[in-house]
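S.K.: Make a model of this:
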Amino acid sequence: MLAIFLQTLPFFALIGLGWLAGRLRVFPAEATRWLTHFVFWFALSAMLFRFAATLDLRALFDARFVAAYLVGSGALWALGFAVSRRMGQPLADSAMQAHVGMTGNTGFLGVPMLVALLGERAVGPVLMVLTLDMIVFSTLITLIIAAARHGRVGIGALAAALKGVVTNPMIVSMAAGLSWAALRLPLPPPAHDFLTLLGAAATPGALFAIGASLTTRPVGRVGPAVWLSAAKLVLHPAAVAAAAWAFGVPPGPAGIMVAAAALPVAGNVYMLAHHFRVAEQRASAAILISTAVSILTVPAVIHAITKG
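M.R.: Numbers count the residues shown, from 1 in each chain. Here you go, the predicted model:
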């Protein structure tokens, strides 16, 4: 356990350094915004394209893996939604809080950290989790909020959901990389070196940006955020683990899926909540609390799956 904690410590130390820089205002909010843009549009996209372009597509898609993640995550989503409704929250707020409780920071934290800790075998499962989160669940929350506000899902909501998918650089870069892999084309050495060099900036840049962005998060009431953080860090990996066992997912991919599910709440969830003006403070506080607590919980989960 201590060895895993020490392995993950540099990643969380970078988050802490970003938080300190933002707190001391030596790295202002405007700089954080532009660093996030650089990572999102360039560095992380280069990393994802290189990973996807060198994958064995025959080993990438596993129907059992997809079903297990969707069922486990969907069960947690339904629980979060039911709890919020039980607490008297409106439909749109309940849906957003359910989304907060099961959407992890797979892109900015999971891809660089899990691949570094678990090796190249983690690439395929982590990319699959990232794809399902962005295409299935992000589309779902958009359509549900549209239905809650307008009583139906119109062409506008469908178009907005589709636009969110096709203009997301992470999805585009993965799709381009998988297309390259499908053609079985080798990456020319200069292209490989370029993507490796640019992609290497994704890990420190993303982690620093996560930390710096935490200083601008409004906290508000802590109680609901604690529940959402517990759902993300504890219940989500537990639900996914149970579903992986039920669907017979092999231990290796199952463990990586569980590790991805154990990641803290994604920062882009707040942007979505802010866009729809729904549960903004709860989403923001859950990001802050879950990221802080994950310093202890993520190493524990990784220790469990590597020893199991």
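
S.K.: Alpha carbons of stretch 259-278, in PDB - could you do that?
M.R.: The C-alpha coordinates for stretch 259-278 follow below in PDB (Å, rounded to 0.1, in the frame of the first residue of the first chain):
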ATOM      1  CA  ALA A 259      -9.400   2.000 -11.100                       C
ATOM      2  CA  ALA A 260     -10.800   4.400 -13.600                       C
ATOM      3  CA  ALA A 261     -14.200   4.400 -11.800                       C
ATOM      4  CA  ALA A 262     -12.300   5.300  -8.500                       C
ATOM      5  CA  LEU A 263     -11.000   8.600 -10.000                       C
ATOM      6  CA  PRO A 264     -12.400  11.900  -8.500                       C
ATOM      7  CA  VAL A 265     -15.100  14.000 -10.100                       C
ATOM      8  CA  ALA A 266     -14.200  15.400 -13.500                       C
ATOM      9  CA  GLY A 267     -13.500  19.200 -13.700                       C
ATOM     10  CA  ASN A 268     -15.600  19.500 -16.900                       C
ATOM     11  CA  VAL A 269     -18.700  18.500 -14.900                       C
ATOM     12  CA  TYR A 270     -18.700  22.000 -13.300                       C
ATOM     13  CA  MET A 271     -18.500  23.500 -16.800                       C
ATOM     14  CA  LEU A 272     -21.600  21.500 -17.800                       C
ATOM     15  CA  ALA A 273     -23.400  22.500 -14.600                       C
ATOM     16  CA  HIS A 274     -22.500  26.100 -15.200                       C
ATOM     17  CA  HIS A 275     -23.700  25.900 -18.800                       C
ATOM     18  CA  PHE A 276     -27.100  24.600 -17.700                       C
ATOM     19  CA  ARG A 277     -27.200  26.700 -14.500                       C
ATOM     20  CA  VAL A 278     -27.900  23.500 -12.500                       C
END
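
S.K.: pLDDT on stretch 256-275, on average?
M.R.: Per-residue pLDDT values over stretch 256-275 give a mean of 89.

S.K.: again with stretch 227-244
M.R.: Stretch 227-244 comes out at a mean pLDDT of 97.

S.K.: From here on, call the first residue 22.
M.R.: OK, 22 is where the count begins now, so the last one is stretch 248-265.

S.K.: quick one: terminal-to-terminal distance for it?
M.R.: Terminal residues of stretch 248-265 are spaced 24 Å apart (C-alpha to C-alpha, to the nearest Å).

S.K.: So for that stretch, what gets flagged as buried?
M.R.: 248-254, 256-262, 264-265 (16 or more other C-beta atoms under 10 Å). Glycine gets a C-beta too; all of them are placed from N, C-alpha and C.

S.K.: what's the answer for stretch 49-63, then?
M.R.: By 16+ other C-beta under 10 Å, the buried positions in stretch 49-63 come out as 53, 56-57, 59-61, 63.

S.K.: Could you save these as JSON lines and add columns showing secondary structure, distance to I231 and pLDDT?
M.R.: Listed next are these as JSON lines, based on DSSP: H, G, I helix; E, B strand; the rest coil; distance: C-beta to C-beta, whole Å; pLDDT from 0 to 100:
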{"residue": "T53", "secondary structure": "helix", "distance to I231": "9", "pLDDT": "91"}
{"residue": "L56", "secondary structure": "helix", "distance to I231": "10", "pLDDT": "94"}
{"residue": "T57", "secondary structure": "helix", "distance to I231": "9", "pLDDT": "90"}
{"residue": "F59", "secondary structure": "helix", "distance to I231": "14", "pLDDT": "94"}
{"residue": "V60", "secondary structure": "helix", "distance to I231": "10", "pLDDT": "92"}
{"residue": "F61", "secondary structure": "helix", "distance to I231": "12", "pLDDT": "89"}
{"residue": "F63", "secondary structure": "helix", "distance to I231": "17", "pLDDT": "95"}
